[in-house]
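In: next one to model:
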Amino acid sequence: MISLLTMTVVSAQSFDASAVIEKTSQIYAAWGGMDVQFTTRISNEKNGSSESFEGVIRMKNNKFVLTTPEMTIWFDGTTQWTYMPYNEEVSINTPAGDDLRLLNPMLFLQDYKKDYSVTAIGESTSVNAKAAYDIQFTPKKKDNIENIVIQIEKNTSLPVKIVISIRNCSRITLNINELKSGNPADEIFSFPRVSYPNVAIIDLR
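Out: Next up is the predicted model:
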């Protein structure tokens, strides 16, 4: 159903979804890190609300820095720092699982095997006018995420769209505008306290 609403399906041809995802994972592993420029739209079917924003994710394994107009988030693999410029505050916590995946949907492609089953939906045409596979991830145990649909272009084996459906009728659509390899230093994934000397620290751990 999601693919009909968010992607142009041109074929119901079956394919090995696990093999497609595994190839994508192997590319990520070979890169070591990546830089992602994206546009996100968050919508709610119940109240008709919708908002969009652009951002950048820099990743290395499960570590990342997420930058949007309203916040910057650092995650070093254990600890998360969230900086909100409008109130000059940084909150600290230790997220896990779906909390992290909702912040950085690219993580679904690295750690899905334990918690999600994979199903081939069909083939489609991406926003770049390229042939693509549509693959659905369904939680093995019921949780707030109903499912995730990822569109992967055939010629690159890289994702161009991720759609997350949440049980409260919200939907997060991540359109990947640019995706390239990178090898950022580990230091960038921790909050640079010296660069923000006047912020208030709220430790929620």
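In: how about the residue most central in space within the chain: what's its closest non-neighbour residue?
Out: The chain has Pro105 as the residue nearest its centroid, 1.6 Å off, counting by C-alpha atoms, centre = their mean. Nearest residue to Pro105, sequence neighbours excluded (C-beta to C-beta, 6 or more residues apart in numbering): Ile162, at 4.5 Å. Backbone N, C-alpha and C define where each C-beta goes, glycine included.
In: right, and that neighbour touches Ile148 too?
Out: Yes: the pair Ile162 / Ile148 is scored as a contact, 6.5 Å apart, by C-beta atoms under 8 Å.
In: and the helices in the protein?
Out: Here the chain has its helices, by DSSP state H, at 2-6, 17-31, 98-103, 108-111.
In: now do the strands in this protein.
Out: Assigned by DSSP state E, the strands in the chain fall at 8-11, 34-44, 50-60, 63-67, 72-75, 80-84, 89-93, 116-125, 131-139, 145-153, 159-166, 170-181, 200-203.
In: run the chain-centre distance for the fourth one.
Out: Put simply, strand 63-67 sits 11 Å off its chain's centre (C-alpha atoms, centre = their mean, to the nearest Å).
In: pull the residues that contact that strand.
Out: 55-58, 72-77, 103-104, 106-107, 184, 186, 188-189 (C-beta atoms under 8 Å, 6 or more residues apart in numbering).
In: quick one: buried ones out of those residues?
Out: Buried subset of the contacts of strand 63-67 (neighbour count, 16 or more other C-beta atoms under 10 Å): 55, 57-58, 72-76, 103-104, 106-107, 184, 189.
In: tell me which two in the residues you listed are the farthest apart.
Out: Spanning the widest gap among the buried ones among the contacts of strand 63-67 are Gly55 and Asp76, at 18.9 Å by C-beta to C-beta.
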